[in-house]
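1. model the following, please.
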Amino acid sequence: MGKILSVHSFRGGTGKSNLTANLAAALALTSQTGLRIGIVDTDIQSPGIHLLFQLTEANFNRALNDYLWSQCAIEDTAYEVTPPQLRERANTLYLIPSSMKAGEIARVIREGYDVNRLTDGFQDIIDILHLDYLLIDTHPGLNEETLLALAISDMLILLLRPDRQDFQGTAVTVEVARKLGVPELLLVINKTLPTIDHDALRQRVEDTYLAPVAAMLPLSQEMLQLASGGLFLLHYPEHPMSESILQLARRVQNS
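-> Predicted coordinates for the structure are as follows:
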């Protein structure tokens, strides 16, 4: 049975989708054997992770929305997006995107969907595609679908910035995750400035949430320049951010 990893943040704009996509690649790179990894974009109101894999609407005719509205099977929404560097190592990556069509986003906001069908789909796609890992790119904040995703996850990777609003919202998320009985919680601090005391920040965060900081990602000009044009890890393999994401992947695999 594949492991379910939810990547979450209390607020938008923290870099959650970038972390999810690059973590999937890092898991593949750090594995001694080829892995089968799935990624689901459940940020249905503001999707976008597909762009990191060079997947555009012209390349897919089914999205997660179609499955949620019972218009197709879950496997019909999965697209192989394995970069050549990872395929050479016998890895396979699949992405289930959400629709970018304004009308379908509006329908989700207006009508909602059966969230139980969503969680059923997670289990089904693991079985159908024989996945080793399923990464869920969640919607920021706390809503019903996010809570259900957390409840079935083997691990929650919680992303925050060194920002007071993030700190407060993260405290709420950590409390909820513990009440839901999430087996393992890892914290990742993103957009850290080079001038701050990283050891002090790590200690402060770990003392506040009583959870380990598995990675600290620097504020990166290269990430801004890439502008969601691909996987950072593959474009800048020697960058300190890439090494931090690889470190996170090793931590996940050793759990």
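2. who are the packing partners of the longest helix seen in the chain?
-> Criterion DSSP state H: the longest helix present in the chain is helix 164-180. Under the contact criterion of 3 or more C-beta pairs under 8 Å, 6 or more residues apart in numbering; DSSP states H and E, helix 164-180 touches helix 144-151, strand 155-160, strand 185-192, helix 198-209. Where C-beta positions appear, they are placed from N, C-alpha and C, glycine not excepted.
3. pick the most deeply packed of the ones you listed.
-> strand 155-160 (a mean of 25; mean count of other C-beta atoms under 10 Å).
4. tell me the angle of that one relative to helix 164-180?
-> 160 degrees (axes from the mean of the first three to the mean of the last three C-alpha atoms, to 10 degrees).
5. which other helices and strands contact strand 155-160?
-> strand 3-8, helix 16-30, helix 164-180, strand 185-192, helix 240-253.
6. before we move on, the earlier item: could I get the longest helix of the chain in PDB with only the CA atoms?
-> Extracted C-alpha coordinates of helix 164-180, given in PDB (Å, rounded to 0.1, in the frame of the first residue of the first chain):
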ATOM      1  CA  ARG A 164       3.600  36.100  12.300                       C
ATOM      2  CA  GLN A 165       0.400  35.400  10.400                       C
ATOM      3  CA  ASP A 166       1.900  32.100   9.200                       C
ATOM      4  CA  PHE A 167       2.900  31.200  12.700                       C
ATOM      5  CA  GLN A 168      -0.600  31.800  14.100                       C
ATOM      6  CA  GLY A 169      -2.300  29.800  11.300                       C
ATOM      7  CA  THR A 170       0.200  27.000  11.500                       C
ATOM      8  CA  ALA A 171      -0.600  26.600  15.200                       C
ATOM      9  CA  VAL A 172      -4.300  26.000  14.400                       C
ATOM     10  CA  THR A 173      -3.400  23.500  11.700                       C
ATOM     11  CA  VAL A 174      -1.000  21.600  14.000                       C
ATOM     12  CA  GLU A 175      -3.700  21.300  16.600                       C
ATOM     13  CA  VAL A 176      -6.300  20.000  14.100                       C
ATOM     14  CA  ALA A 177      -3.800  17.500  12.700                       C
ATOM     15  CA  ARG A 178      -3.100  16.100  16.100                       C
ATOM     16  CA  LYS A 179      -6.800  15.800  16.900                       C
ATOM     17  CA  LEU A 180      -7.300  13.900  13.600                       C
END
